[in-house]
Structure formats: structure tokens, C-alpha cells
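Student: Following is a predicted model, sequence given first.
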Amino acid sequence: MTAAHMHPSRSFQGLILALHNYWADYGCVVLQPYDMEVGAGTFHPATTLRSLGPKPWNAAYVQPSRRPKDGRYGENPNRLQHYYQYQVILKPNPPNLQELYLGSLAAIGLDMSVHDVRFVEDDWESPTLGAWGLGWECWCDGMEVSQFTYFQQVCGIECAPVAGELTYGLERLAMYVQGVDNVYDLNFNGREGDEKVTYGDVFLQAEQEYSRYNFEFANTAVLFRHFEEAEAECKALLAAGEAAPGANAALHKCVFPAYDQAIKASHVFNLLDARGVISVTERQSYILRVRNLAKGCGEAFLRTDAGGATMKAA
Amino acid sequence: MPDLLLELRSEEIPARMQRKAAGDLKKMVTDGLVEAGLTYEAANEYWTPRRLTLDIRGLNARSKDVREEIKGPSVSAPEQAIQGFLRKAGLSDVSQAHTHTDPKKGEFYVAHLVKAGRATEEIIAELVPSVVRAFPWPKSMRWGKASAKPGSMRWVRPLQSILCTFGPETEEPVVVDFDIDGIRSGNVTYGHRFHAPGAITVRRFDDYVAKLEAAKVVLDAERRKRIILDDAKNLAFASGLDLVEDEGLLEEVSGLVEWPVVLMGEFEEDYLSIPPEVIRLTIRANQKCFVARPQGRDDTLANRFLLTANIEATDGGKEIVHGNGKVVRARLSDAVHFWKTDQSDLPDLKDFASSAEKFGLDLKKPLDQRMARLDHLNVTFHAKLGSQGARVARIVALARELAPTVGADPDAAARAAVLCKADLQTEIVGEFPELQGAMGRKYALLQGENEAVAAAIEDHYKPQGPSDTVPTDPVAVAVALADKLDTLVGFWAIDEKPTGSKDPYALRRAALGVIRIVVENGVHLPLTRAFMAGVEIDRAAAADLLSFFHDRLKVYMRDKGARHDLIDAVISDEADDLLLVTMRVAALGMFLDSDDGKNLLAGTKRAANILAAEEKKGTVIAASVDAALFRQPEENALFDAVNQAEKNAAQAIQQQDFSAAMLALSVLRAPVDAFFEAVLVNDEDRAVRANRLALLARIRFATGAVADFSRIAG
């Protein structure tokens, strides 16, 4: 029996732990967040790179996600420039993925006899990752609480087999199950009275500060330079991994570090975008540049052990 | 006669695709059945978010035997020929062939073949997998283990099960047995995802529909739509409201539920302070909910929304209404935030001083601030065409220049142009790009701009297509022309013209917009001069752009019913007053409908043909006519008439009076007719002949001032 303060309907962290338990029980590798700034859980190499190639892969993790443009100086009850995504990636997707997903909602206490859960068309596309898939926004009483995607292509490469990706917007889900209207009122630790810590206690100040940074203070000249540097470094690492000596000359030997630079370029681009210094037409060319980096990393990954290059033909 | 029931059950199909998919399924299956030699009495398709269903009644139990005769050689043909015939017909011995007699051929062999009919089940078992594999989804996907291999089955979302039964009403139907990539057909389906998730065994359509209904699935989309609409109207009515009907939304919502339950929620009245279309779009786009208005009012909304749930909640929908209300409120609170932000001061105003000066902006006004920021941020319009600020500066200059031509006050046109893109920097347009222009107009009025300026901000985007309205107020006309011309000239200058079906910057639409504005408002606008006013463009590119306008003008005029040969006849490469072209075509059309016109056309063509024949031979046609060489009075008469007609026509053209020009030419008809009647051009005297050819050339020249008659048909 779960202690009251650990229950998903009382505690933000209890919600996370319930999801961890559910997916760990299913057999997923439960990972920790990637230690870089990313716009979504999809950017974690455990999704982007591991969804490529033939090897089965089941993982779940929380990923702090940054969307500089969504900052509202802490004044909007729903929108944050930093929030948590809960990410599940199952390759190949099991045939009952929808049921598994609904099971996870039940596991966090959503009663489907009073809540209206719906799968609403949402073709997912990440131009920066050269990725697309088909799936849905999952709605609970009109609120989008998850994204559900069958990856078709990642880094410009066909997924074979297809991976199923579930992304839960944790704050929204938590607001739902806790019944609060303002994200900053979420009970973070499930305690009451003096012991209670809210989401606002943890994040409100940071939201205000980062909103200022994202919209007003970020030095765009420096950011433009960072972008160029990350792009150059990614290409250099891809080239270095190509030439590196080793037992198997055909294998690529420096994919993950190169991919980190692609992530960095992508986040810097998001910051520049939030500062409003990139026009609609320029955006395209920046997105294309990041995509080229991701594509190079994806292609290199397929020539590694994790990418299936050393698997014997079945 | 047996019936077929087919259900393809999948994970949720996008609402917008369901109707067409069900129709495609019907067409593909019935076409396939007919092609296999079967007939059927009726076929109906159904769909829900999770299934496509086909009900075919009165199919044959099997396809008919097909009799075929293969004619062979004469009975006396060589053995080799007879053996060849037997092989072809699939006979083992000549005794299996019949002999027929024919008066020409005599006695010859004929093979009587019977292609046995096939059981319909067998045909269906072959047909359905091929239909599934070739199904024309707009977007389809692979899934699961099978997707590791190339060529695995595709469907719009994972296909979960196939139900396929066949049999007459009087007997127990059978399962038509087949397998597609591991999915085996059966007689089982499943009901509502939450209310009745268990397996349901089905025999035929009638019990299928009834069992689904019992399992909380309304199979018929039209019925779901009726339920939603009726319930929504009733709920609204009970609260003294009228539902704001929205067929597109109704269709979509009916494709999101198998068991529709309409509920009404509310939001705070404070939100009604934002424009109704912003509220409606916010609630529709994000929440797929209807809105309502107080009965008898069409200028305002009520603080209610109507949602369609997919379950009969055990708490009567309390949680669902509560949850949806929260989201609606959050969205509206975003919208209010945007609406207020757009009317308040921007934070870093001091940075905008130089932009404000450049455009003569008043930084006390919100929309002026947005324009200043647009310029200040150096937002790129296009890499090769510079910033949005530079673009607006060009539009301002051009609008000011065009203003007198279209009858607008130059200052008003310039002011409207300065603000015409400012709303791109507003929050609401950021959220709902389709409100660009409309929001600019509202904000302009709120900061005290005059009506014409405010209206021009919205209307300068018009017309957006062949059926959209054309701006008529002179200020809007000036800005609309300036905006479109700047875009066209810019993209021509950097050589990014539309090719084939590719027109990413909608340049064809922009050109059509210019054409419709000048023609429908009666504006004489010399395009070439306007081309030279903004972005630097070289002569060749400008000429190319003009010819692009000519092509669009031809399409536009043809759509309006003008004869394309008449358009060709009056358009010269340099024609840059498009209104003039349309006026000339109209006048020419009327002239050619008259007897004078028809005869003059015939005479002119005759002259032109003679000249063309001579020119082909290399004859040099004299530049001037020598009256001293005339031998017959008809020559003198024609010469006088041509001189007079040319003079009068030129005058009329000068005054752009094309009817008068045609009238001036029409006096040529009699002398031309008389000339061809009495005079033989091909005189023995070379000098006389050359002079007569020169006279014919004058006819061609005189008429050519009005139109190139050689391009006119008939």
C-alpha cells in the first residue's frame, strides 16, 4: 500500500515514481535525464539514436525539456519554458501499445469511467531531427496529456523496425490528477503543512529569470557564435570517428559526442528563435543545418555496435 | 442472395480521413467484385474512429461460368497447324474440338472452352488483401515487428482485426478466411474502448449494428452527427442560447467519438471582452468545441462552450466538463493575455528610436511600436530580399507613388502601408496566423487610426484568390497593389519565379490579385514604371515579369469568357496597362460582331496574306505609297480612306476610346472591298504592282494600330 504522500494524486514526484514503476515492471530500462539542454525527450540519444537500427530497445526516463519561446515570466498557469517530459520508447512497438498506455494512466490513478480519454490525430514531425511519425495527441477531458507516435523515420533514416514513443507532459498530468489549476500550486513532495513543497517553490523563480534571459538578456551575438561552433565541432567529430583506428575499420567510433554537439546547436537555435532574431525564411536554413548534423549522426550510429552493425545476419 | 460484411478495425483513424476512406473501400471492393464477374444489389459504407465497415447485399454465390470459343484452322490444315491450335486451346486431342462450317473457310476446328465460375468467398479472400495493400491513404505507416522487413503492410494506423462474413439471410454465414501479414480474418469485433472492450461475435450486418450499438458504438457517422447537433442545440436552447453551427467542426467531432455525449461548460464572462472570432477560433482550434450566442444576437458570444465526450461518465460528466472548462479557460486566458499585450507598450521601446524615425512612427501607439520592433529586430523577409523593415519601406514608397493613380490620399496610403505588416509582431497573429490583417485593423482602430487606413491594413492582403473580394477603397487599393508588386518584382529580381506546379511564394496569386484590382477598379496603371520603383530589377527580368502578367491576364480573361485570339491580337510585348488591354479586347470583340468588322477583318486578312506571300518570295515592300502611280479610282479612294482612318484611329487611341478607333477603321471596309473587287494587284507594270503592295501594307499598318488582325481566327 502506497503511503498517502507518495500517491500520484498527491505528489508530483509520486506520479513520476508510479510511471517508473509501471514501465520498469514492463521491462524497460529506466534511465536518468540526459545531461544537456534539449527541447524534448525525443532528443535524448536513448530515443533519437536508439530508435535506429534493428536491435530491440525498451527504455523510459524523465527528460527536463526547454522551450525558450514558451516562457511566460511565471505568470501563466500552464505554460513553462522548462518542464518535464516522461518518455517511453519501445522498439519494435508491441501490438498492444495503446492498452499499455491506458494501463499507465490507470496506474497513476486516472479513472476512465469518469474521464474522457481520446486519441486525436497528430502527425509528429521534428524537422530539426529529420524525423516523423504518425500517432495521436492523447487527450484527457480535452487536455493534451501525452503524445503517442509510431516513428517512421529518424535522422532521415527509415525505422526498421518501427519504435513506439510515448511522451507524457508530466506537469499537465499532475495538475489533472491533483486537481489544481495552476502548475505552481502542484504539490511536489506530497507532504502537507510546513513540510509541503510546491512546484512554485522549486521552479517559479527560475521561470521568471529564464524568461528574462530567453526574451531579453540572451546575448544573440554570442549565441550565433555558439551555433557555428557546435556545428563545426559536430562535423569534426563525425570526421574523426570515421578515421579513428580500431579493430573494425568499418565501424564509426565517435557518434555520441558528435550527437551532443547537434543537440547543442539545436538548443542555441531555439534560444535565437525566442529572441526573435531569426526570420521565417532564415529559420528554414537553420533547421536544415541542424538536420544535416542529426542525419550525419544517425548514419554513423548505424555503423556502430549499438546500431546493429556487428549483428550477424539472421 | 448472400450478403458480405467486412470490417477493418484499427487504432484511431484521423477524423478528416474517415469518410473518404470508407468510400474508397466501397469503391475498391465493389469494383473488384464486378471485375471478377459478380453482381450485387446494394453496397453501403460506414465508419467510426476505429473501423471502416462495408455492407454489400445480394451478391452472387459464385461467378458465372464463362464460355469461350477459340477458332482453329481448317480441318485440312497441315498437322503442325492443328497441333499448334490444340496447344493454344489446351486440348489434348483433336477429337475434343468441334467442327464448324463457314462458306468462305469451309470446315474448320473450334474449341469450346468453359472457364468455370468461382465461389464468391474465394474471390473475396483474394480481393480484400489486395485492397488493403493498395489502399490510398493520404499518409500511411508501418508498425510492430513486421516493420523490420521491407515491404511490410501499411495502414493509416495499426490495423488490429478484420471481420469478414458471407452468407444468405436464411443460413448461418461463414467467415471468409484469409490472412494479411499475420492478421487473420474472423467473425469477431470489439465494442467501445472503455464501455465494452470485450470480444463480440458477429454473424451479419443486422446483428453487427445492433451488437455494436449495445456495446456503445454508433456505427453510422450521419447518425452521430445528428445526435451531436440535436443535443448541442437543445442544451444551448435550454440555457436561452443559440448554437453557433459549424459543419466542419461537426464532421470532425463526429469522427472523434463512437458514442457521442454532448456536455455544456462555461467560462468567465470577462473573457467576452476579446473579439468573438478570437474566442471561437481559440475554442474550436484547440478544443474542438462549439460556442453559442445569446438568442437573437449575432455580434457577441455567450460564455458557454459545448463539448462532445466519447463516454457516458458515471458521474454524469462532471469531471469531463470541469476538465474541459479548465483547458478552455487556460486557452482563453492565453488569448486575453495576447489581446492585452498587443495593446500595451513593448518593453524595450528605447531601442526602437531609429526605426521609429525611419518610418515616422509614433511610439506612444501600440501598433507603431510593433512596426518599430519588426524593423528593429531585422526580421528577414527573404535572405536575398532583405528584412521585413526594408520591405515595408518599399511598400510605403510605392503606395505613396501609386496613390494619385488610384485616387487615394498619398499620406493615408503611406500611413496604412507603414502599419500593414505591424500585426505580424502581435501575439494573436502569432497564435492564429489566419487573423493577420484582421487583427491589424482592430488594433489600428483602437489606437485611433482613421477608418480607411484601418480597413486598408486588413484589405491589402486581398484578393486571396479568384473568389475573394477585391479592395475598392482607394487607400486599400494603393497598399494592396504596392504590396503585391513589391513581392513580384522582388522575386523576379532574384530569379525565383514559379515553375510548373511549384509556386511557394504564391506569386501567381499575387499577379492575379494585381490584375483583378486594376481591372475591376478601372485603374490605368503603367506596370513597367511601377516595376522600376522598388527593388532593383534589370530590363530583361522586368520584361519577363510583364510577360508573366500577360499570361495571367490571358487566363483571367479567358475565365471571364474572352476569346483568346482577340487577347493575342491586342497584347503587344510592351502592353503594360492591363486595363487598356481588357478594354481593347472588349471593343474589338464588339467590332468583330458587326458586319463592318467581319468584312474589314476579311479584307485585312486578304491584304496580309498577299503581303505575306510576297514577303516570303523576298519582295521588298515599298515604305511609301506614290499616288502618281495609281491607275484606277479605287486605288485613290482606298488611299484617301486609309490616310483618314489612320489619323482618326490614332486620335481615338490617344484618348483610349477603342470603340471610336474601331469606328474609324470601319470606314475602310467599303474602299477595301471595292479595291479587291476592281483592282488586280499583280499588274504587269512592276512599279504599279509595287505601289499596290505598298498600299496593302498601309491597310495592315492602319489596322495594326488597333489589333494584330492576323492573329484573329476566322
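Tutor: Sure, I can see it. Residues are numbered from 1 along each chain as shown, chains lettered A, B, ... in the order given.
Student: Which residue comes closest to the residue of the stretch 1-150 of chain A found nearest chain B once chain neighbours are left out?
Tutor: Closest approach between the stretch 1-150 of chain A and chain B, counting by C-beta to the nearest C-beta: A:D141, at 2.7 Å. C-beta here means a position set from N, CA and C on the backbone, and glycine is covered the same way. Leaving aside its sequence neighbours, A:D141 sits nearest to B:G323 (C-beta to C-beta, 6 or more residues apart in numbering or on different chains; 2.7 Å).
Student: same question, A:Y199
Tutor: Leaving aside its sequence neighbours, A:Y199 sits nearest to A:L186 (C-beta to C-beta, 6+ apart; 3.8 Å).
Student: Give me the neighbour count for that neighbour.
Tutor: 22 (other C-beta atoms under 10 Å in any protein chain shown).
Student: need the contact list for B:S547.
Tutor: B:D573 (C-beta atoms under 8 Å, 6 or more residues apart in numbering or on different chains).
Student: That one in helix, strand or coil?
Tutor: Put simply, B:S547 is helix when judged by DSSP: H, G, I helix; E, B strand; the rest coil.
Student: any idea how far chain A is from it?
Tutor: Plainly put, B:S547 is 27 Å away from chain A if you go by C-beta to the nearest C-beta, to the nearest Å.
Student: so what pLDDT did that residue get?
Tutor: B:S547 is assigned a pLDDT of 93 by the prediction.
Student: swap in the one 3 residues further on?
Tutor: Taken from the predicted model, the pLDDT recorded for B:H550 is 94.
Student: Shouldn't it be within a helix?
Tutor: Yes: the assignment for B:H550 by three-state DSSP puts it in a helix.
Student: What is the burial count for the closest residue to it other than its chain neighbours?
Tutor: Computed as C-beta to C-beta, 6+ apart, the closest residue to B:H550 that is not its neighbour in sequence is B:I571, at 5.5 Å. Other residues near B:I571 number 23, with proximity taken as other C-beta under 10 Å.
Student: same check, this time on A:A230
Tutor: Quick note: A:A230 (other C-beta under 10 Å) scores 22 neighbours.
Student: now B:L629
Tutor: B:L629 is flanked by 18 other residues according to other C-beta under 10 Å.
Student: same deal with the one 5 residues further on?
Tutor: Summarising burial for B:E634: neighbours were counted as other C-beta under 10 Å, giving 18.
Student: starting at the chain centroid, how far to the helix or strand it falls within?
Tutor: Using DSSP states H and E, B:E634 sits within helix B:633-654. Offset of helix B:633-654 from its chain centre (C-alpha atoms, centre = their mean, to the nearest Å): 49 Å.
Student: who's in contact with that helix?
Tutor: Helix B:633-654 is contacted from outside by B:625, B:627, B:630, B:658, B:660-661, B:663-665, B:667-668, B:670-672, B:674-675, B:677-679, B:692, B:695, B:698-699, B:701-702, B:705-706, using C-beta under 8 Å, 6+ apart.
Student: Which residues outside whatever helix or strand comes next after it are in contact with it?
Tutor: Where DSSP H and E defines the elements, the next helix or strand beyond helix B:633-654 is helix B:658-666. Contacts to helix B:658-666, defined as C-beta under 8 Å, 6+ apart, come from residues B:583-584, B:586-588, B:590-591, B:594, B:596-597, B:600, B:645, B:648-649, B:651-653, B:702-703, B:705-706.
Student: residues of helix B:658-666 that come out buried?
Tutor: Within helix B:658-666, the residues that count as buried by 16 or more other C-beta atoms under 10 Å in any protein chain shown are B:658, B:660-666.
Student: for that helix, what is the average pLDDT?
Tutor: Taken as a whole, helix B:658-666 has a mean pLDDT of 86.
Student: Now do it and helix B:633-654, the angle between them.
Tutor: 170 degrees (axes from the mean of the first three to the mean of the last three C-alpha atoms, to 10 degrees).
Student: Make sure B:E536 is indeed in a strand.
Tutor: No: assessed with three-state DSSP, B:E536 is coil; it does not lie in a strand.
Student: Touching, it and B:W492? I think so.
Tutor: No: if you go by C-beta atoms under 8 Å, B:E536 and B:W492 don't touch, sitting 11.1 Å apart.
Student: who's more crowded, those two?
Tutor: Taking B:E536 and B:W492 together and counting by other C-beta under 10 Å, B:W492 has the greater number of neighbours (23 against 9).
Student: Could you find the closest non-adjacent residue to that one?
Tutor: The shortest distance from B:W492 to any residue other than its chain neighbours is 4.4 Å, reached at B:L545 (C-beta to C-beta, 6+ apart).
Student: do the same with B:D65
Tutor: The shortest distance from B:D65 to any residue other than its chain neighbours is 4.8 Å, reached at B:G117 (C-beta to C-beta, 6+ apart).
Student: residues in contact with that neighbour?
Tutor: Taking C-beta under 8 Å, 6+ apart, we find B:G117 in contact with B:37, B:62-66.
Student: Out of those residues, who's the most crowded?
Tutor: Neighbour counts for the contacts of B:G117 peak at B:S63, which has 19 neighbours (criterion: other C-beta under 10 Å).
Student: State the pLDDT value of the nearest residue to that residue once chain neighbours are set aside.
Tutor: Excluding the flanking residues, the one nearest B:S63 by C-beta to C-beta, 6+ apart is B:G37, at 3.8 Å. The model reports B:G37 with a pLDDT of 91.
Student: which residues touch whichever residue of chain B sits closest to chain A?
Tutor: Of all residues in chain B, B:G323 sits closest to chain A, at 2.7 Å by C-beta to the nearest C-beta. Neighbouring residues of B:G323 by C-beta under 8 Å, 6+ apart: A:115-116, A:140-143, A:176.
Student: buried subset of those?
Tutor: So, by 16+ other C-beta under 10 Å, the buried ones in the contacts of B:G323 are A:115-116, A:140-143, A:176.
Student: can you list those in CSV and add pLDDT and secondary structure?
Tutor: Output for the buried ones among the contacts of B:G323, formatted as CSV (pLDDT from 0 to 100; DSSP: H, G, I helix; E, B strand; the rest coil):
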residue, pLDDT, secondary structure
A:H115, 94, coil
A:D116, 96, coil
A:C140, 93, strand
A:D141, 93, coil
A:G142, 92, coil
A:M143, 89, strand
A:Y176, 87, helix
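Student: Start from the N-terminal end of chain A and give the strands.
Tutor: Secondary structure of chain A (DSSP state E): strands at A:29-30, A:57-66, A:82-91, A:117-121, A:124-126, A:131-140, A:143-154, A:157-158, A:164-169.
Student: which residues sit against stretch A:274-281?
Tutor: Applying C-beta under 8 Å, 6+ apart, the set of residues contacting stretch A:274-281 is A:68-69, A:71, A:214-215, A:218, A:220, A:223, A:269, A:272, A:286, B:373, B:377-383, B:387-388.
Student: Write the PyMOL selection for whichever of those are buried.
Tutor: Buried residues among the contacts of stretch A:274-281 (16+ other C-beta under 10 Å), as a PyMOL selection:
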select buried, (chain A and resi 68+69+71+214+215+218+223+269+272+286) or (chain B and resi 373+377+379+380+381+382+387+388)
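Student: quick one: which of the contacts of stretch A:274-281 sit in helices?
Tutor: Among these, DSSP state H puts A:220, A:223, A:269, A:272, A:286, B:373, B:388 in helices.
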